[in-house]
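[1] Sequence first, then the predicted structure:
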Amino acid sequence: MTGFFEVISTSAPHIYYSALLLSPKKSLVQRLYGSQASPLVRIVQGVSTSWDPSAANRRFPNRVTVAAWSPCSRFIATAFRESCDVVVLDAMTLEKLHTMYPQDQGISWTKFIFSPDSHLLTGYSYDPGSIISWDLQTGGLISNISTHGTYACSSMTYSGCGTMLGGLFGWEIIIIYNVLSGAQIFSHLVNESVINTIWTHGKNLQFATMEPGSIAIWEVSFTLDHPPTQVSSLPTPDNFLEDGLVLLPTLLLLAFFLDKRVVVWDAQHQKTLLDSTDVKDPEMMSFSSDGHFFVCGTGTTEFHLWKKSPDGYLPHQKFISDRGSANPVVSPNGGSIISFGGLMLQLWHTKNPSTSPPSTLTPASQHTRHFLLEFSPDKSLVAFTRWLDKTVTVLDLKSGNPHLVINADIVICGIGITESRITVVGDGKIISWELPGGDYVPNAQRNIDDSVQTTTFEHPFFIEDVWASISPDSKYVAFGKTMELDEDLHIYDMQTGKKLMVTQSHGWLPGFSQGGDRVWCATTNGMVNQWAIIEGNGSNNIELEKIGEVEKQQDGFPWHSSCGYEVTDDGWIVSSKGKLLLWLPYQWRSSTKTIRKCNGKFLALLYSRLPEVVILEFEV
């Protein structure tokens, strides 16, 4: 229900057309009810074997800048860049439950907090300085407190009764407000810098300050019946740094960064629970309320989850988010994680470990590489690999089974396939193999010793950031950058390896038309630079005639079906008559349309974050 909530709530019959068809092969749902599916599309390959740990995904028109859990773990509050709106989501499905529209314009939200009973939501905006609270049951405004003239608020906490709110401003000023009236009750200047969080303990507010070799815990009532008093002192480990410090006060746990390591220190028992170098560029850290789970994000799209055991924190799962940097936050009950960055917010489950031990998971760098894929002209075979991998798989489209697996012994930046031959480009070489003839033999193996032709480029170059495209007639190979850079387009002769043409492409990811008479490159504005190939008198003489920028509608660059099928932005494959044929889960979607390739009735989805290519067959 959570995995297919979007499609079921939109079109219930797609339980049979999409949900059952796309359920994992080894899932209980597939085993019990898979025979009841009524697909309008055949999946040649690409259905996963087990449920993805990412339970839901939601894309927004603006960048997600802040997200917070409710104490009951049922709601998520979010806000966005260049938008004043505050959205509250259901934490199971990421469906919108409430949208609040502040009267003030230009608000830039930096922090949210729910009341202990999850009935009230409070948001803080530094510019202008405001603390605004709403009643989630009615959607009504409770109070709008101006903090103009004070320092930025780094932490907030509700009193146990939910009527008062404490805020930490500028790391050294604590101010208490009455949430219902908006009145300031008192403010207190702390003599030392407060560690980046304040919290509620019983009827009092607590905070921590740094001391040599220890962290002091202080307590003050929400009504300031007495000045803050020190209630305990937590010893810190040797070489302790405040870098990225996160404190879980309920269990007296400290998490911090030390020499590119992630360390969790149990101050109560004075022992290290985690000292990991597995996280590259660690940034954001979060505990569940009971300390059962601990998560650390990175400056990229990867984040790691550890689970507490008697021996400390052990690796539990490693996730790769779909867009932007990974900013993970564990739910209070530890059952889920939200990860936000870019335009995307994703929801992940924590209870079930990954199918593979964390130490054997595929490196994140491999999951971000492009897929290279080409169909044979007779539409019976498809060849694919990952960019810079060394192994090519040739799939039989009728059976969905591997027809041939080739170990090319070179890193590959381009592939091509004809009725009788498969060719790879990489490491300054062009290498070809004959395709097996006669009766179909699954999983046939080939290596470099079985190749029938090797051509060395006249002027080879570094291919780590280069994409190669082979013309359908195997006459030319074009090289361009894999990223959105204004770089030259190089064209070589396939048979001799001689460089024929260099032109300023102002684009990236080159490709050829189906007839091989045009070459193009994608541009940063969503268009295509296109040239006509004009052949001279000799085989090594060509010219390019600039056609100009055109919209991306050519068959194969990106997918534009001659049969009239379309892929909508919200994940539907629609027939020429507007019929909803198949709903694509978010893992199969991307705003980058170069991930789609079509050949007749076959559609390939080349989303780099998936473990394999997805190939669909439509009835024509």
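    Received, thanks.
[2] list the helices and strands the lengthiest strand in the chain packs on?
    Longest strand in the chain, counting residues (DSSP state E): strand 499-512. Judged by 3 or more Cβ pairs under 8 Å, 6 or more residues apart in numbering; DSSP states H and E, strand 499-512 is in contact with strand 466-470, strand 476-481, strand 487-493, strand 518-522, strand 527-535, strand 542-551. From N, CA and C alone the C-beta is placed, and that goes for glycine too.
[3] following the worst-scoring helix or strand of the chain on mean pLDDT, which helix or strand comes up?
    Among the helices and strands of the chain, helix 364-367 carries the lowest confidence by mean pLDDT, DSSP states H and E, at a mean of 44. As assigned by DSSP states H and E, the chain's next helix or strand after helix 364-367 is strand 371-375.
[4] Show me where the stretch 1-150 of the chain has its helices.
    Per DSSP state H, counting those that start in this stretch, the stretch 1-150 of the chain carries helices over the ranges 5-10, 14, 20-22, 28-33.
[5] Go through these and name the closest to His403.
    Among the helices of the stretch 1-150 of the chain, the nearest to His403 by Cβ to Cβ is helix 20-22 (24.1 Å).
[6] Which residues outside that closest one are in contact with it?
    Residues from elsewhere that reach helix 20-22 (Cβ atoms under 8 Å, 6 or more residues apart in numbering): 4, 29-30, 33-34, 36-37, 39, 41, 43, 47, 582, 585.
[7] Could you dump those residues into a markdown table with pLDDT and distance to Thr229 added?
    Shown next, in a markdown table, are those (pLDDT from 0 to 100; distance: Cβ to Cβ, whole Å):
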| residue | pLDDT | distance to Thr229 |
| --- | --- | --- |
| Phe4 | 86 | 54 |
| Val29 | 93 | 57 |
| Gln30 | 92 | 60 |
| Tyr33 | 94 | 62 |
| Gly34 | 92 | 64 |
| Gln36 | 94 | 66 |
| Ala37 | 93 | 66 |
| Pro39 | 92 | 68 |
| Val41 | 92 | 68 |
| Ile43 | 93 | 65 |
| Val47 | 87 | 61 |
| Leu582 | 93 | 64 |
| Pro585 | 84 | 54 |
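[8] Can you get me a residue count around Asn327?
    Using other Cβ atoms under 10 Å, Asn327 has 21 other residues around it.
[9] Break this structure down into its structural domains.
    The chain breaks down into these domains under automatic domain parsing: 5-45, 150-235, 247-351, 366-563.
[10] which stretch in the ones you listed has the least confidence?
    Least confident of the domains of the chain, judged by mean pLDDT, is domain 366-563 with a mean of 82.
[11] Contacts only, for the residue lying closest to Gly162 once chain neighbours are set aside.
    For Gly162, ignoring the flanking residues on the chain, the nearest one in space by Cβ to Cβ, 6 or more residues apart in numbering is Ser115 at 4.1 Å. Listed by Cβ under 8 Å, 6+ apart, the contact partners of Ser115 are Leu121, Thr122, Tyr158, Gly162, Val179.
[12] can I get the helices of the stretch 1-150 of the chain in CSV with distance to His201 and mean neighbour count?
    Formatted as CSV, the helices of the stretch 1-150 of the chain follow (distance: least, Cβ to Cβ, whole Å; neighbours: other Cβ atoms under 10 Å):
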stretch, distance to His201, mean neighbour count
helix 5-10, 38, 17
helix 14, 49, 23
helix 20-22, 47, 22
helix 28-33, 44, 13
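[13] Just the buried residues of the contacts of helix 20-22.
    Buried members of these, scored by 16 or more other Cβ atoms under 10 Å, are Phe4, Gln30, Ala37, Val41, Leu582, Pro585.
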